[in-house]
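Colleague: requesting a structural model of the entry that follows:
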Amino acid sequence: MNIHSIAKKLKRPKAAHKGTFGRVFILAGSRGMTGAAHLSGMGALRSGAGLVTVGVPAAVYTIIARREAELMVRPFPATSQGTFSLKGFAEIKRFAASQDVLALGPGLSRDSATQKLIRKILRAAQLPVVIDADGLNALKGDLKVLKACRGRAVLTPHPGEFTRVFGGKLDDSEALRKKRAVKAAKEFGVVIVLKGHRTVVASPDGKCLINTTGNPGMATAGSGDVLTGTISALLGQGLSRDEAAALGVYVHGFAGDLAAKKMGQVSLVAGDILRFLPDAFKKLTSS
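Modeller: The predicted structure is shown next:
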């Protein structure tokens, strides 16, 4: 899979409008984890999505809504803990039907009501979906949910989330990481982005890509939230799951490398990756 060839597909026609580049709906955030909603939403916008709506619990709506003018923020019923409530399912389902891509997980929490809601949404949704963080945690012990997402889902686990969902063990062995990611991708018909040093992108057809960008400075809170937004935006622009995952991982790592050159790895934060995404896309699409 040639990354530069995929990037060329992002060329924008002169007659384009914002609807041309996808409507991305991201369910994210909870009390104490509002940054995840911001980073994933802005990650999608900076990766070319035409319209991004971040769905958040009503309890934290004002915190997120005032941060970025370009993001649309939509409140949904919240629990007393400031997380998504099951009461919001019908409203979320209706709104998702008008969107092109659904992403869920960043900062959602492991609240039991929220985890039930996640599983219910994944069973009902019919559009492409990116599952990260607490969206993945909701799958533990209930992998039947993935069957409802077969052919539509991209999962973005770090090693701990991967073993929590799929069991077994992982270590730093690239061979083992590839083997386990490919096995899960084939079994459930999903694309697996197994994050870490030399991130693995595994497809249901058995193909596997090892990413070459990125650096240890990116091992920081919120980095994965930006990646969720990036992959979601690329899906919304018409790339296949394999293409969106491969390009998303590459450009995310590239942005991290550009940020590290500017400020070093020690001080790198997720917002720096976000700020360097425009430079990464510009260099990639113009080469």
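
Colleague: contacts only, for the most centrally placed residue in the chain.
Modeller: In the chain, the C-alpha nearest the mean C-alpha coordinate belongs to Thr228, at 1.7 Å (C-alpha atoms, centre = their mean). Applying C-beta atoms under 8 Å, 6 or more residues apart in numbering, we find Thr228 in contact with 26, 40, 43, 103, 105-106, 130, 132-133, 156. The C-beta positions use only the backbone N, C-alpha and C, and glycine is treated the same way.

Colleague: count of neighbours near the closest residue to it other than its chain neighbours?
Modeller: Take Thr228 and drop its neighbours on the chain: the residue closest to it by C-beta to C-beta, 6 or more residues apart in numbering is Asp132, 4.4 Å away. Counted with other C-beta atoms under 10 Å, the neighbours of Asp132 add up to 32.

Colleague: state which strand of this protein is the longest.
Modeller: strand 51-57 (DSSP state E).

Colleague: that one pairs with which strands?
Modeller: Sheet pairing of strand 51-57 (DSSP bridges) gives strand 23-27 (parallel), strand 72-76 (parallel).

Colleague: quick one, which of those strands is packed in tightest?
Modeller: Mean neighbour counts were taken over the strands paired with strand 51-57 using mean count of other C-beta atoms under 10 Å, and the top value, a mean of 28, falls to strand 23-27.

Colleague: let me see the ranges of the strands in this protein.
Modeller: In the chain, the segments counted as strands under DSSP E are 23-27, 51-57, 72-76, 101-104, 129-131, 153-155, 191-194, 200-202, 208-210.

Colleague: reformat these as CSV; add distance to Ala185 and mean pLDDT.
Modeller: Conversion of the strands of the chain to CSV gives the following (distance: least, C-beta to C-beta, whole Å; pLDDT from 0 to 100):
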stretch, distance to Ala185, mean pLDDT
strand 23-27, 23, 98
strand 51-57, 27, 98
strand 72-76, 31, 98
strand 101-104, 19, 98
strand 129-131, 13, 98
strand 153-155, 9, 98
strand 191-194, 5, 98
strand 200-202, 4, 98
strand 208-210, 8, 97
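
Colleague: of those, which is nearest Thr220?
Modeller: Minimum separation from Thr220 across the strands of the chain (C-beta to C-beta) falls at strand 191-194, 17.7 Å.

Colleague: name the strands paired with that closest one and say parallel or antiparallel.
Modeller: In the sheet, strand 191-194 lines up with strand 153-155 (parallel), strand 200-202 (antiparallel) (DSSP bridges).

Colleague: OK, contacts around Gly48?
Modeller: Gly48 makes contact with 10, 21, 233-234, 237, 281 under the criterion C-beta under 8 Å, 6+ apart.

Colleague: sounds good, over and out.
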